[in-house]
Structures are given as C-alpha cells and as structure tokens.
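Undergrad: Sharing a model prediction with you, sequence too.
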Amino acid sequence: MRLTTFTDIGLRALMYLATRPEGYKSSITEVTEAYDLSRNHVVKVVHQLARAGLIHSIRGKGGGIMLGKPADEIRIGQVVMALEESLQVVDCTKPVCKILPACRLKGVLKEGVDAFIGVLDQYTLADLIGNKKDLIPLLIQN
C-alpha cells in the first residue's frame with residue numbers, strides 16, 4: 001500500500017504546525033519553505049485539513065494556520081482517512097473481474113487496509129513530534 005503525496009504533505013504540514021508554540025499562527029509560506037514544497041499543493045492540502053477540522057485557517061490580516069485541536073487528539077489513521085481519496089487496494093470493476101461473484105480477495109485486502117489504519121490510529125500527532133527539540137532546528141529557518 002502506498003499513500004499519496006497529498007497525504008504525505010498533509011502529515012508533514014501537521015507535524016510542522018505541531019512544533020510551533022501553542023497559539024502561534026503559521027503561514028502556508030512557512031510550511032512550503034520548511035519542506036521545499038509547491039505552494040499550490042500545500043494550499044490544497046491545508047484546505048482539506050481545514051475541512052476535516054484538523055487545522056484552523058484564519059484569513060486576512062493577522063491570519064494564519066494552526067492545529068484545530070491538540071496534537072495528542074489527532075490520530076494518524078484519522079488524518080490518512082481524511083486525506084486519501086480512496087484506500088481501495090484493487091478495483092474489481094475496471095475491467096470487471098470474472099471471479100468477482102466468488103472472490104474472497106477483496107475482503108482480505110479490505111481487512112488488511114483496516115489493520116493498516118488501525119495501527120496508524122494507535123499513534124497521534126504528538127507521538128510523531130515527541131522529538132520536537134530535534135525537529136525544530138530542521139524545520140524552522142531563522
């Protein structure tokens with residue numbers, strides 16, 4: 001299983017925001033510069049993260065982006081589910097598989113995906129930034 005670049009950017013953006021002091025409003029530019037990412041990509045990801053309630057996006061003067069809830073309440077599986085368009089491993093309809101009526105593979109693969117998300121949900125954003133003092137110098141450009 002492979003996650004999309006969209007989800008990768010989302011996880012990294014959340015990690016960046018989680019390393020900032022509580023109440024600090026970051027900018028999309030800060031995130032793009034920290035990871036050397038395309039601004040257009042980050043804007044799309046931030047929009048989706050805001051729709052999912054994982055970040056707050058405040059427009060206008062004095063605006064910015066920040067975590068929508070504490071890092072220890074953001075489950076990694078939840079983030080992946082919010083950002084991945086589909087976690088379907090195979091599409092049995094394109095082309096239509098002849099054994100579909102009797103096939104058990106799709107169920108086994110779904111069970112595997114559920115286990116994958118279950119493991120990710122054992123971790124929070126706070127777990128990912130437990131080494132915050134090591135991450136900050138790598139992310140924050142003075």
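TA: That came in fine, so what should we check first? Residues are numbered from 1 along each chain as shown.

Undergrad: So, low pLDDT: which residues of this structure?
TA: 142 (pLDDT under 70).

Undergrad: residue ranges of the helices in the protein, please?
TA: 5-19, 28-35, 39-51, 76-83, 105-120, 125-128, 132-139 (DSSP state H).

Undergrad: Adding distance to Ile99 and mean neighbour count, write those helices out as a markdown table.
TA: (Glycine included, C-beta is placed from N, CA and C.) Converted to a markdown table, the helices of the chain look like this (distance: least, CB to CB, whole Å; neighbours: other CB atoms under 10 Å):
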| stretch | distance to Ile99 | mean neighbour count |
| --- | --- | --- |
| helix 5-19 | 31 | 20 |
| helix 28-35 | 44 | 18 |
| helix 39-51 | 36 | 16 |
| helix 76-83 | 29 | 18 |
| helix 105-120 | 8 | 13 |
| helix 125-128 | 41 | 18 |
| helix 132-139 | 48 | 12 |
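
Undergrad: Can I get those helices in a markdown table including distance to Ile65?
TA: Formatted as a markdown table, these follow (distance: least, CB to CB, whole Å):
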| stretch | distance to Ile65 |
| --- | --- |
| helix 5-19 | 7 |
| helix 28-35 | 7 |
| helix 39-51 | 6 |
| helix 76-83 | 15 |
| helix 105-120 | 23 |
| helix 125-128 | 14 |
| helix 132-139 | 15 |
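
Undergrad: out of those, which comes closest to Asp91?
TA: helix 105-120 (9.6 Å; CB to CB).

Undergrad: Appreciated, that's everything.
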